[in-house]
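J.: here is my input; please provide its structure:
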Amino acid sequence: MKTLLINASPKKGDSASRRLLEIVRQELGESAEQIGLHSEHLSDDHACRFAGTDQWVFFFPLYVDGLPSHLLSCLVDLKAAAPALGPATVYGVVNCGFFEGEQTRFALEVLANWSAAAGLAYGGGLGIGGGGAVRSLPVKTSGPLGPVVRQLKELAGRLREPDGRAETAYANLAFPRALYKAAGEADWRHQIRQNGGRRRDLWNRPDAEA
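T.: Down below sits the predicted model:
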């Protein structure tokens, strides 16, 4: 089976999606290729990379309980091209800033519905919580990132020996929710000061009257 791992994060550099993709790529070895989808449309070069592969695994962050807008645009292009690219099975790995991985369930349902509309099989996926901490934690089957790493290794096993079933799993960090929330809030305060703002600006609302 030839697998294509797709980094569909809007970020071209380091991201949680890229980190998660690398874990799966190391498990699959030479049977997997990878590409980055960071623009609003599918290029001819990207379409060629999809052609001839048996499994497409999309890695992306949760945006407002859905898919990033640029990925939606690419999927529209990919749906039109799908008949010429050959049959494939679609998988999704979605990370979110919420602590609970189940927050990603609607985004995975969107991917499943798109797969059906494009005439492609859907193999399920993995929803990961605590995405804000993924890049800073060591990749080990034990420790805070342990549950995520174990689920990614299990997904890699399914990719090596697919059985046709569509299975979706969710993983959270092995870390207290209250501490994750406190660390995230501290990071927001740090970032807003770095960008010339004040702590109270975190409560500003775009739709509020001046």
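J.: could you list every helix and strand that the strand or helix carrying Glu22 packs against?
T.: Assigned by DSSP states H and E, Glu22 belongs to helix 16-28. Judged by 3 or more C-beta pairs under 8 Å, 6 or more residues apart in numbering; DSSP states H and E, helix 16-28 is in contact with strand 3-7, strand 32-36, strand 55-61, strand 89-95, helix 146-160. For every residue, glycine as well, the C-beta is placed using N, CA and C.
J.: tell me which of those is the most buried.
T.: Ranked by average neighbour count under the criterion mean count of other C-beta atoms under 10 Å, these are headed by strand 89-95 at a mean of 27.
J.: quick one: low-confidence parts of the protein?
T.: In the predicted model, the chain carries pLDDT under 70 at residues 208-210.
J.: number of nearby residues for the closest residue to Val149 other than its chain neighbours?
T.: Of all residues not flanking Val149 in the chain, Thr141 sits nearest, at 5.2 Å (C-beta to C-beta, 6 or more residues apart in numbering). A count of neighbours around Thr141, defined by other C-beta atoms under 10 Å, yields 12.
J.: so Thr141: helix, strand or coil?
T.: With DSSP: H, G, I helix; E, B strand; the rest coil as the basis, Thr141 sits in coil.
J.: thought Lys153 was touching it, still the case?
T.: Yes: taking contacts as C-beta atoms under 8 Å, Thr141 lies within contact range of Lys153: 7.4 Å.
J.: I'd assumed Ala81 was in a helix, is it?
T.: Yes: counting by three-state DSSP, Ala81 is part of a helix.
J.: so how far is Ser115 from it?
T.: From Ala81 across to Ser115, the span is 14 Å (C-beta to C-beta, to the nearest Å).
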